[in-house]
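> Quick check, what structure comes out for this input:
(2 chains)
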Amino acid sequence: MTATALESQLVVGATLFILGMIGFLTRRNLILIMLSAELMLHGVSVNLTAFSRYHGNPQGQVFTIFVLTIAACEAGLALSLILSLYQRRKSLDVFLWGKLGEDDLPVFTGTAAPVPTAHADPNIDLPHLTPAGRMPKTQSGTQAKT
Amino acid sequence: MTFASMNWTEENGLLLIPLSLGWLAIWLLMPADKQRSRFLGGLVGLAAVLTMQWLLLPQMGDLVRDVLFFLFAGAAVLSAALMITDRNPVYSALWFALVTLSVCGLFLLNSAPFLAASTIIVYAGAIIVTFLFVIMLAQQSGTSSDYDQRPFQPGMASFLAFALLGALLFTLQEWGGIDRLNTNTDAQPGQFIALPAGVAPNPLSQAHYDNKNEIGSLRVLGRSLFGDYLFMVELAGTVLLIATIGAIAIAPRRSQGTL
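Have a look, this model is predicted:
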């Protein structure tokens, strides 16, 4: 395998990586962002196999197998994350997640929060966490304190 | 100083043509508010790919191999460009399937048949189908949404990306010369593709395979995978297990409400 053929493959890998980067930066669909990340992984895999053939040993291909494994893990985790995100906002737009604070909470202004005492009444304000798993029952008269 | 910069421009300025053409093509192909004709963008993109191929014309050693390489590489790049610029996310996923098939063709050219088969099985068989499933679950109306029509700053992002591509290509040209002026056919010491001096090669994986078609075979690959990289294989299995547990923990329950 000549050096020129190796360079052509490197150029193809770099182009695939760049196109995936453009998609990752510009698209607003959550699923397309993950697909663009997979495209970048493809570009890297082309590089690895080209070097593997150039050197004549299988290390590059072994590394590509690991890349494949990580890509599969990433796809599974990303899809479950995207599903749970979609369930909350009913949209795949990534701009809806630009602000991570909760809408019903007052904005933290920087003043020191009062230290809660240990022997408080049972209606004490619990931290308003995002619901994970089962949706908790809404308590009447609960007011979040920051 | 100025003389050096002028010399540099003369030597490397030819690469600016496909880079700027590619930037223009991606910017034209991106979905915008008003319906822009994809014909012009496609034309500019084809010009970019053709000038790039003209710059990167390989030595005509093996005609069949070169033709296959250009077929697969061109299909991969064109499908990738169409994937990131399509308005419909379902079409984007299908274009990504085409990218995967083309990349598997490149793997075959790199004498990695096992890798090509496993990539097709994992990507086209599992990942694309799951992504399509989620897209169709989330967008049941069939019409492309508003956020698919308006990408986020496509001009600036593609300019940055093509600047990075230009940096990579200039580095490659400094190394060997994709203009075929300075082709070195063997790995030479001191260059970044050669083995660094003073590092003893692993005796298991450094077996010299005279027939380069042999390096992708199951025998060689399995010997390297389960000989040199046994701990890595165990780690990869652990990562898979953790990812499975995490996906099950993160995924929304059905009792919580359907999608």
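
> what pLDDT does the nearest residue to B:Val44 once chain neighbours are set aside get?
Leaving aside its chain neighbours, B:Val44 sits nearest to B:Ala25 (4.2 Å; criterion: C-beta to C-beta, 6 or more residues apart in numbering or on different chains). For every residue, glycine as well, the C-beta is placed using N, CA and C. Listed pLDDT for B:Ala25 reads 86.

> Any idea how far whichever strand or helix holds B:Ala25 is from the middle of the chain?
Element membership of B:Ala25, judged by DSSP states H and E, is helix B:16-29. Chain-centre distance of helix B:16-29: 18 Å, with C-alpha atoms, centre = their mean, to the nearest Å.

> Just the CA coordinates for the helix-or-strand element of chain A with minimal mean pLDDT, please, in PDB.
Lowest on mean pLDDT, DSSP states H and E among the helices and strands of chain A sits helix A:3-26, with a mean of 86. Coordinates of each C-alpha in helix A:3-26 appear next as PDB, following Å, rounded to 0.1, in the frame of the first residue of the first chain:
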ATOM      1  CA  ALA A   3       1.700   6.400   1.000                       C
ATOM      2  CA  THR A   4      -0.600   8.100  -1.400                       C
ATOM      3  CA  ALA A   5      -3.300   5.600  -0.900                       C
ATOM      4  CA  LEU A   6      -2.900   6.000   2.800                       C
ATOM      5  CA  GLU A   7      -3.200   9.800   2.400                       C
ATOM      6  CA  SER A   8      -6.300   9.500   0.400                       C
ATOM      7  CA  GLN A   9      -7.900   7.400   3.200                       C
ATOM      8  CA  LEU A  10      -6.800   9.900   5.800                       C
ATOM      9  CA  VAL A  11      -8.400  12.700   3.800                       C
ATOM     10  CA  VAL A  12     -11.600  10.700   3.500                       C
ATOM     11  CA  GLY A  13     -11.600  10.100   7.200                       C
ATOM     12  CA  ALA A  14     -10.900  13.700   8.000                       C
ATOM     13  CA  THR A  15     -13.800  14.800   5.700                       C
ATOM     14  CA  LEU A  16     -16.200  12.400   7.400                       C
ATOM     15  CA  PHE A  17     -15.100  13.700  10.800                       C
ATOM     16  CA  ILE A  18     -15.600  17.300   9.600                       C
ATOM     17  CA  LEU A  19     -19.000  16.700   8.200                       C
ATOM     18  CA  GLY A  20     -20.100  15.000  11.400                       C
ATOM     19  CA  MET A  21     -18.700  18.000  13.400                       C
ATOM     20  CA  ILE A  22     -20.800  20.400  11.200                       C
ATOM     21  CA  GLY A  23     -23.900  18.300  11.900                       C
ATOM     22  CA  PHE A  24     -23.100  18.100  15.600                       C
ATOM     23  CA  LEU A  25     -22.800  21.900  15.800                       C
ATOM     24  CA  THR A  26     -25.700  23.000  13.600                       C
END
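
> Name the residue of the stretch 1-150 of chain B that lies nearest to chain A.
Using C-beta to the nearest C-beta, the single residue of the stretch 1-150 of chain B nearest to chain A is B:Ile84, 3.4 Å away.

> Pull the number of nearby residues for that residue.
29 (other C-beta atoms under 10 Å in any protein chain shown).

> Contacts only, for the closest residue to it other than its chain neighbours.
Take B:Ile84 and drop its neighbours on the chain: the residue closest to it by C-beta to C-beta, 6+ apart is A:Gly23, 3.4 Å away. Contact analysis of A:Gly23 by C-beta atoms under 8 Å, 6 or more residues apart in numbering or on different chains lists A:32-33, A:35-36, A:39, B:83-84.

> likewise B:Ala93?
Taking C-beta under 8 Å, 6+ apart as the test, what B:Ala93 contacts is A:31, A:35, B:128, B:131-132, B:135.

> Show me the longest helix that occurs in chain A.
Criterion DSSP state H: the longest helix present in chain A is helix A:59-89.

> packing partners for that helix?
helix A:30-55, helix B:113-119, helix B:128-138, helix B:218-223, helix B:230-250 (3 or more C-beta pairs under 8 Å, 6 or more residues apart in numbering or on different chains; DSSP states H and E).

> relative to helix A:3-26, how tilted is the first one?
Which is helix A:30-55. 170 degrees (axes from the mean of the first three to the mean of the last three C-alpha atoms, to 10 degrees).

> State the mean pLDDT of helix A:30-55.
So the average pLDDT for helix A:30-55 ends up being 90.

> What's the local residue count around B:Ala251?
If we define neighbours as other C-beta under 10 Å, then B:Ala251 has 17 of them.

> Give me the distance between it and A:Leu81.
9 Å (C-beta to C-beta, to the nearest Å).

> would you say B:Val103 is within a helix?
Yes - counting by DSSP: H, G, I helix; E, B strand; the rest coil, B:Val103 is found in a helix.

> and the residue nearest to B:Val44, what is it in contact with?
B:41-42, B:44-45, B:47-48, B:81.

> Can you pick out the most distant pair from those?
For those, the maximum inter-member distance is 12.7 Å, found between B:Ala47 and B:Ala81 (C-beta to C-beta).

> Of all the residues in the longest helix of chain A, which ones are buried?
A:59-69, A:71-83, A:85-87 (16 or more other C-beta atoms under 10 Å in any protein chain shown).

> hmm, back to that, can you pick out the most distant pair from the contacts of A:Gly23?
Maximum distance among these (C-beta to C-beta): 12.3 Å, for A:Ile33 and B:Met83.

> neighbour-wise, which of those two wins?
B:Met83 (26 against 18).

> Spell out which helix or strand contains that one, please.
Under the assignment here (DSSP H and E), B:Met83 is part of helix B:63-85.

> Mind listing what's buried along that helix?
Quick answer for helix B:63-85 (16+ other C-beta under 10 Å): B:66, B:69-70, B:72-85.

> and the angle from it to helix A:3-26?
10 degrees.
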